[in-house]
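Peer 1: predicted model follows, preceded by the sequence.
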Amino acid sequence: MGEILVVVEHRQEEIRDITFEMLFKAGELCKEFSHTLTAVVFGGKEAPFIDEIAKRSDNVIYYEDDQLKEFNADVYKACLNGLIEESRPFITLIGHSSWGMDLAPALSVKTGYPLATDCVDILIEENHPKVIRQIYSGKVFQKMSFKESDGYIITVRPGSFQPPETIENKNGGVIKKNLPGELPESPKTFIKFVDSGAGEVDITQADLLVSVGRGIGEAENVEAIKALAERIGGVLACSRPVVDKNWLPKYYQVGTSGKSVKPKVYLAFGISGAFQHLAGITGAGTVIAINKDQKAPIFRVADYGVVDDLFKIADALQEQLKEG
Amino acid sequence: MDIIVCIKRVPMTQEVDLEIDPSGKDIKKDALAYVVNDWDNYAIEESVLIKEKLGGTITVITVGDEDDEDVLRRALAMGADKAIRIEPGELALDGFIISNILAQVIKGLDYDLVLTGVQADDDNFGMIGIMLAEKLGLAHSAVVTGFEAEGSEATINVELEGGMDEVSKIKLPALLSIQTGINEPRYVSIMGIRKAGKKELKVVKVEDIGLSDEDLVRQTIIEEYFLPPETEGAEMIEGDPSAVAEAILRILKEKGVSA
C-alpha cells in the first residue's frame, strides 16, 4: 500500500515530543491500513537520536550533514521535495510548530500536494485522508477533506496524540542520504538560540499558581491578583495575552511558548484556555477556573469551574482570608 | 522600505455562544461583531514602526467584501499609505486560493517586505503567508517576534516552543508571518479613521486579475462543522462570591497548598 512520511523535528540534539506523537499516530494508521511508516531525519553527523526514531518506524531516511544540525526550512524543503517526487508518499506529516509552520505551506506549494494545518485528528475514509481541526479558539470543530491528489500534507497540533510509554520495537532500517549537490543557497542564516523565558521568578517550581489571563482587562488590575497570590501563599503566573500586552514579563507565561507547569493547584482567573495554554498545564494536579464565559474551553479541562466576574471572586477570597 | 501587509477581518467570538449554521459548514455569523485579526494588527503596527524608522510606503491588502474595508481603513489610520481590497464575489475560498489571489496582485507591486499575521483567529490555518512567499519566490520565516533591518538583510527572532527564540539573518525581500506581542499596536480613534478616508483604497475583482480556473479550485473541502463533544468538564461551584471563595479555600486546604 502507500507510505506515510513523518518529518522528524528535533532541537539541540533532542527529539521534540511532537515527533513521537506523529510517529505514534502514523504507526496506528499504518497498522490499520497496511501503509509503510518512513521517518525522515535531517541531522548532524551521527545524530544521537536515530535509534529512537528507528524503533518507531519501518524505514528511516537520514540526511546526514553538519549543516543540518538545526532546522532550515529551505534545505528541508528542497530535500523533501526531491523525496516526494521520487516516492509519492500518501501522507506527509509535519508538526504544527513554529518550524513546521515555516516548512509545510512552502512544501505544499512546491509539491502541489494539498495541505491541512493544525489538525487534532487524522482519519482515513475510503482511501482518502480526512482531518479534524479546532477553530474559533476551540469553540467549534471542523472536519475537512481534500481535493483528489496522490499525496497530502498534514500538520499535526502538538499534544493531540498520546504515545504509550512502552513500544514494540519496529527496528526500522536506516538509509543514509547525502544532501543533493545542487542545493540553492539559503537566504537565511541561523545565528543562535536565546532563552526568552528566563527571569527572576520560576513558575515551574510552585505548588500553587495563581494565574491571570486576558479577562483581567488592563495592566492595573494585575496588581490585585498579584496581591491575592501573595496573600494566599501562591506564585503569580499568566497566559499569553498578558505578556503580549506587556502587563507581565515573559517568565510568568504558562503555555506552549512559555513554561509547562506542574503545581498542585492551578487557579486560573480570566483565562479562556487556548490550546497552547492548556498544553502547559497538563501536569497540574487540580485546576480551578474562574471565567465569565461559560463556554470557555478551560472549563473542559478544569476540575472546578466558576462562572462569574473574576474580580468579585478575588475580592471575596481576600475577604475570607482576612476573616480567617 | 516598501512594505505590503496582508490582513483579514474576523468575527469576535470570545464570550459568545457559537451556533452551527443550518448548512452545517459554517457558524451563524449574523449577530457577531467583527474586528481586525489580532495577529494582523501586530503586523500592521510593525510595518508602521519600520516606516517611521526607515521611510517607505505601506500597502495593506485584504481579500473580502465591502464590509471588510473596515479593517483596511483602520490600517490606513494606523499609518498605512494605500489599501487594496480584492473582491472574491461568490467564490468559495480556502488558504490555497487566497494565497494565489494575493500572489497574483502582489506580483505587480514594488516591495522589500511582505508581512502577514501568523494565523487568523477564526479558522487558524496559519498557511497563507508562507504559501504566498513560496509563490512569490521570497525568503520566509514564520512566527516572527523581532525584526531589525540592516541594509539588504534583517535580523529576526522566531518564537519557538518552550520559551526559546531562534535568532537568524534573512535576506530581503522576504515574507514574515508576525506573532502577537512583537510590539504594542497603537490606539486607533474614530477621528483617525475618518481622516484616513482620504487615502487611496482600490478595489479589484478576482476575475480581473488573470488567474486561471485551476488557481481557483479549492484544495481543501469542509465536510462539516460541529460543536465540541461533551466531556465531563469541570465541577461547577455555584453560589454568591463569598460562598465560592469559601469553596475554593476549602479545595486549596484539601490539596495542602493553603496559606
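Peer 2: It's in.
Peer 1: please make it C-alpha for all contacts and neighbour counts, starting now.
Peer 2: OK.
Peer 1: in the stretch 51-200 of chain B, what residue is nearest chain A?
Peer 2: B:Gly181 (3.8 Å; CA to the nearest CA).
Peer 1: which phi and psi does that residue have?
Peer 2: Backbone torsions of B:Gly181, given as degrees, to the nearest 10, read phi 90, psi -10.
Peer 1: so who does it touch?
Peer 2: A:241, A:243-246, B:42, B:145 (CA atoms under 8 Å, 6 or more residues apart in numbering or on different chains).
Peer 1: likewise for A:Val120?
Peer 2: Counted by CA under 8 Å, 6+ apart, A:Val120 has contacts A:131-134, A:156-157, A:160-161.
Peer 1: can you confirm it is in a strand?
Peer 2: Yes. Counting by DSSP: H, G, I helix; E, B strand; the rest coil, A:Val120 falls inside a strand.
Peer 1: quick one, longest helix in the chain?
Peer 2: I went with chain A, as the question did not name one. helix A:17-33 (DSSP state H).
Peer 1: ah, I was thinking of chain B
Peer 2: Longest helix in chain B, counting by DSSP H: helix B:38-54.
Peer 1: near chain A, anything from it?
Peer 2: No. Applying CA under 8 Å from any CA of the partner chain, one finds helix B:38-54 out of contact with chain A, separated by at least 10.1 Å.
Peer 1: quick one: buried residues of stretch A:194-201?
Peer 2: Neighbour-count burial for stretch A:194-201, counted by 16 or more other CA atoms under 10 Å in any protein chain shown, picks out A:194, A:196-198.
Peer 1: could these go into TSV alongside pLDDT?
Peer 2: Shown next, in TSV, are the buried residues of stretch A:194-201 (pLDDT from 0 to 100):
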residue	pLDDT
A:Val194	94
A:Ser196	84
A:Gly197	79
A:Ala198	81
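Peer 1: quick one: which of the contacts of A:Val120 sit in strands?
Peer 2: The members of these that map onto strands under DSSP state E are A:131-134, A:156.
Peer 1: min pLDDT across those, which one?
Peer 2: Lowest pLDDT among those: A:Gln134, with 94.
Peer 1: neighbours of that residue, how many?
Peer 2: 25 (other CA atoms under 10 Å in any protein chain shown).
Peer 1: right, and B:Asp40 touches B:Ile7 too?
Peer 2: Yes. Counting by CA atoms under 8 Å, B:Ile7 is a contact partner of B:Asp40 at 5.4 Å.
Peer 1: what residues do these two have in common as contacts?
Peer 2: The overlap between the contact sets of B:Asp40 and B:Ile7 (CA under 8 Å, 6+ apart) consists of B:116-117.
Peer 1: about what we covered before: which ones, among the buried residues of stretch A:194-201, also lie beside chain B?
Peer 2: Among these, chain B is touched by A:194, A:196-198 when using CA under 8 Å from any CA.
Peer 1: closest one of these to B:Arg194?
Peer 2: B:Arg194 lies nearest to A:Ser196 out of those, by CA to CA, at 39.8 Å.
Peer 1: what about stretch B:198-212, start to end distance?
Peer 2: 34 Å (CA to CA, to the nearest Å).
Peer 1: in chain B, which spans are strands?
Peer 2: Using DSSP E, strands in chain B cover B:3-6, B:9-11, B:34-36, B:58-63, B:82-87, B:113-117, B:139-150, B:153-160, B:164-171, B:174-178, B:200-205, B:220-226, B:235-236.
Peer 1: reformat those as JSON lines; add distance to A:Tyr266.
Peer 2: Shown next, in JSON lines, are the strands of chain B (distance: least, CA to CA, whole Å):
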{"stretch": "strand B:3-6", "distance to A:Tyr266": "38"}
{"stretch": "strand B:9-11", "distance to A:Tyr266": "30"}
{"stretch": "strand B:34-36", "distance to A:Tyr266": "32"}
{"stretch": "strand B:58-63", "distance to A:Tyr266": "41"}
{"stretch": "strand B:82-87", "distance to A:Tyr266": "45"}
{"stretch": "strand B:113-117", "distance to A:Tyr266": "31"}
{"stretch": "strand B:139-150", "distance to A:Tyr266": "28"}
{"stretch": "strand B:153-160", "distance to A:Tyr266": "24"}
{"stretch": "strand B:164-171", "distance to A:Tyr266": "23"}
{"stretch": "strand B:174-178", "distance to A:Tyr266": "30"}
{"stretch": "strand B:200-205", "distance to A:Tyr266": "49"}
{"stretch": "strand B:220-226", "distance to A:Tyr266": "30"}
{"stretch": "strand B:235-236", "distance to A:Tyr266": "15"}
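Peer 1: no more questions from me, cheers.
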